[in-house]
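**Student:** my questions concern the predicted model and sequence given below.
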Amino acid sequence: MATTHLWHNARLATLADDTGWGLVEHGALLVQDDRLLWVGALDDMPAALRAQAGVQHDLGGALVTPGLVDCHTHLVYGGQRAREFEMRLQGVDYAEIARSGGGIRSTVAATRASGDAELLAGARRRAQALMAEGVTTLEIKSGYGLSLLDESRCLSIARQLGAELPVSVRTTYLGAHAIPPEFDGRADDYITAVCAWMPALHAAGLIDAVDAFCETIGFTPAQTRRVFVAARALGLPVKLHAEQLSDQDGAALAAEFGALSCDHLEYLSDAGVDAMRVAGTVAVLLPGAYYFLRETQLPPVAELRAQQVPIALASDHNPGSSPGLSLLLMANMACTLFRMTPLEAVLGITAHGAHALGLPDRGRLVAGLRADFAVWDLEHPNELAYWFGHNPCRRVVAGGIERTP
Ligand code: DI6
Ligand code: FE
C-alpha cells in the first residue's frame, strides 16, 4: 500500500465553500496517493487515520492553500511582440494593428517558423514561472498555429508539458482565434477547416475543450456557433473569448451550448450575465489583458456577484495582450482594478478556476479532492491578493508529491 503522508502544523485556508477562507488553525492534511484523505485540525483527526501516517511533514505554522489554477493561457507560441507594444504607446490601437496584419497573425508567423524544441522550451519556461507561484493546474490554448499541422504541434507541446512537468495541463483547441493568411477574406471557409480538423485532433487525444474568439476582429456569432456545433458533435465542452472589445452577445451564445466559461467579458450585458447564470457558466476575468490594453470598460463584477455567477481569474498569458506570468498579480489587479474582494480573488485563482475547467476535484482543501496545495510565507490568505511583485510561495505539493515550486 502507498505511504500516507501527514502534513501538519499548518494554518489552512481550505476555501471549503465560497462563504469564507475556511481557516483552520493547527491544521493537518492527510494525503494518500494523489488524494486528500482527511483535512482539519490535527486534534480532530481520528486516531485510526492518524495511525496510518507513514511520513510526517512539519510545516512550522505556515499558511497552506489549495494549489493555484490558471484556467486561461496561451503559453505555446514563437517570438514576442514588444515592438507592437511600442507602436501602441505611439498611439496605434490593438484592433488597428490586428486589422493591418500584425497582432495575432504576427505570432502565427513566428510560431509556424519555430521548431518543436524551441516552442517547447519557451512554453516550459513560462509554465515554470507560473508554477513557481504555486500553480498546480494550467490550461493551455492553441490558436497560434491555425493550420492542422501547426495546431496539432502546439496542442502536442501543451500535452508534453503536462507529461514532463509536475502540473496538470488541460488543453483547449482555439483554431478559431484569427484568420490565417492563406484564408484571407474567407472567414467562413476557414471556420469550415477549423471544424474539419477537430475530429482528428480530438482522436489524437489533444483536446479537452474548444474555444473561439467572438469579436469584430475575430469571428462572428454565426461562425462561433458553427465551431460550437462541431464541438458538441464530439462531446467536447466549449468556452468563449466573449465581449472583450465589444458586445457580440457571445456569452448568451456560449451559454446556449452549456459553456464551461466565458472569458474577458468587459462588454458583457445584463442579458449575458443572466444567460451565464442559468447555464452555470463561469465568468473568467482577465485583469492582465484589461491592464495591458489600457481598457477602460470594466467587467460587470457587481452584476456577476449579484447573480451569483462564479468568477474566476486567469493570467491570459499571451504575447499580445497579456505578457505577464504571475497569477498572484492577477489577483491583486482584480482587487485594485475590478474592486473584487481578496476572498473573491483567491477563490478566482483556485476553486472557481477549477470550475471554469470542469474540474470539481480540485481548488479546495477538502477530503476526497486532489492533494494539490501550496505553502506560503504569509500569515493570512488575504495577503495573496495584497503583495505584488514578490513571490511568497515556499513549497508545493501537486498530486500528492512535493515538487520544487
Ligand atoms: N484575446 C486576447 O486577449 C488574446 N486572444 C484573444 O482572443 C490576445 C491574443 C494576441 O494578441 O496574440
Ligand atoms: Fe485569451
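**Tutor:** Happy to help now that I have it. Ligands and ions are numbered 1, 2, ... in the order given.

**Student:** what about whatever residue of the stretch 201-350 of the chain ends up closest to ligand 1, neighbour count?
**Tutor:** Ligand 1 sits closest to Gly320 of the stretch 201-350 of the chain, with a gap of 2.1 Å, by C-beta to the nearest ligand atom. The way it works is simple: take the backbone N, C-alpha and C, and place the C-beta from them, glycine included. Using other C-beta atoms under 10 Å, Gly320 has 25 other residues around it.

**Student:** pretty sure it sits in a helix.
**Tutor:** No: using DSSP: H, G, I helix; E, B strand; the rest coil, the assignment for Gly320 is coil, not a helix.

**Student:** got a list of what the closest residue to it other than its chain neighbours touches?
**Tutor:** Distances taken as C-beta to C-beta, 6 or more residues apart in numbering put Arg81 closest to Gly320, at 5.3 Å, once the chain neighbours are dropped. Taking C-beta atoms under 8 Å, 6 or more residues apart in numbering, we find Arg81 in contact with 103, 106-107, 319-320, 323.

**Student:** which among the residues you listed count as buried?
**Tutor:** Neighbour-count burial (16 or more other C-beta atoms under 10 Å) is assigned, among the contacts of Arg81, to 103, 106-107, 319-320, 323.

**Student:** closest to Ala242 out of those residues?
**Tutor:** Closest approach to Ala242 among these (C-beta to C-beta): Gly320, at 17.6 Å.

**Student:** so that closest one touches Arg105, yeah?
**Tutor:** No: with contact defined as C-beta atoms under 8 Å, Gly320 does not reach Arg105; the gap is 10.1 Å.

**Student:** contacts only, for Ala10.
**Tutor:** Ala10 neighbours (C-beta under 8 Å, 6+ apart): 26-29, 59, 61-64, 375.

**Student:** show me which of these is closest to Ala367.
**Tutor:** Distances from Ala367 to the contacts of Ala10, taken by C-beta to C-beta, are shortest for Leu29, at 9.3 Å.

**Student:** make sure that closest one is indeed in a strand.
**Tutor:** Yes: using three-state DSSP, the secondary structure at Leu29 is a strand.

**Student:** who does it bridge with?
**Tutor:** In this entry, Leu29 is beta-bridged to Trp7, Val39, by DSSP bridges.

**Student:** same question, Val69
**Tutor:** Taking DSSP bridges as the rule, Val69 bridges to Thr137.
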